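Chemist: missing the sequence, but the structure's below:
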């Protein structure tokens, strides 16, 4: 007698959607993040020729560079990005010689201006399926309030450009049980 039962799906067939994500900074979710640029890395290629064979260049990896990450949150009362940007440069800490009691341009304290953040991706059921730890980020560019338009109907957006020193996937997160794959079979 032939086995007529459909085989169990052992993996997810469809890719995850790109609109279900959260950003965590200082252990808290950041409100209103509507867009995150790609996590991207490039490695320089170093070419060299061997002494005995100068006709065929050899290639080897050089330094790797992590591209800045751009976050676009909607403007809310959550001032976490603005406060973070102010750690790199704060107008109130900047004095001029012509101000009474001014001591010249002072360097702004950059203590604790680097932060690790986490980018989490969720499936359609709202279960966390992927997370990336992004290391030693600091804001190199901040737009507090995008252009306003009385004739528009969009959301007020901020922009934060984060330099970083690398990222890696959190390998402790597994595909959640109970998610149904092809033909409605339970995975796992």
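Modeler: Sure, I can see it. Only a predicted model underlies this, so the values are computations on that prediction, with no experimental measurement involved.
Chemist: what distance separates the helix or strand of the chain with the lowest mean pLDDT from the centre of its chain?
Modeler: Across the helices and strands of the chain, mean pLDDT, DSSP states H and E gives its lowest value to helix 80-88, namely a mean of 82. The chain centroid and the centroid of helix 80-88 are separated by 16 Å, computed with CA atoms, centre = their mean, to the nearest Å.
Chemist: tell me what the next helix or strand after it is packed against?
Modeler: Next helix or strand after helix 80-88 toward the C-terminus (DSSP states H and E): strand 115-122. Judged by 3 or more CB pairs under 8 Å, 6 or more residues apart in numbering; DSSP states H and E, strand 115-122 is in contact with strand 21-25, strand 128-143. From N, CA and C alone the C-beta is placed, and that goes for glycine too.
Chemist: For the last one, which outside residues touch it?
Modeler: Pointing back at strand 128-143 there. With contacts defined as CB atoms under 8 Å, 6 or more residues apart in numbering, strand 128-143 is touched by 16, 39, 68-69, 81-82, 84-85, 88, 113-123, 158-170, 173, 175-176.
Chemist: Pull out the buried residues from the residues you listed.
Modeler: 39, 69, 81, 84-85, 113-115, 117-123, 158-162, 164, 167, 175 (16 or more other CB atoms under 10 Å).
Chemist: Quickly list what residue 168 is bridged to.
Modeler: According to DSSP bridges, the partner residues bridging residue 168 are residue 133.
Chemist: so who does it touch?
Modeler: 132, 133, 135.
Chemist: okay, and for the chain, where does confidence drop off?
Modeler: 1-12, 90-111, 177-188 (pLDDT under 70).
Chemist: Residue 29 - nearest residue in space that isn't next to it in sequence?
Modeler: Counting by CB to CB, 6 or more residues apart in numbering, residue 29 lies nearest to residue 22, which is 5.3 Å off, once chain neighbours are set aside.
Chemist: Go ahead and confirm the one you found touches residue 122.
Modeler: Yes: taking CB atoms under 8 Å as the definition, residue 22 is a contact partner of residue 122 at 7.3 Å.
Chemist: still on that earlier bit, just checking, what packs against the least confident helix or strand of the chain?
Modeler: Helix 80-88 is packed against strand 128-143, strand 159-163, with contacts defined by 3+ CB pairs under 8 Å, 6+ apart.
Chemist: Direction included, what does the shortest one pair up with?
Modeler: With DSSP bridges as the criterion, the sheet partners recorded for strand 159-163 are strand 69-73 (antiparallel), strand 128-143 (antiparallel).
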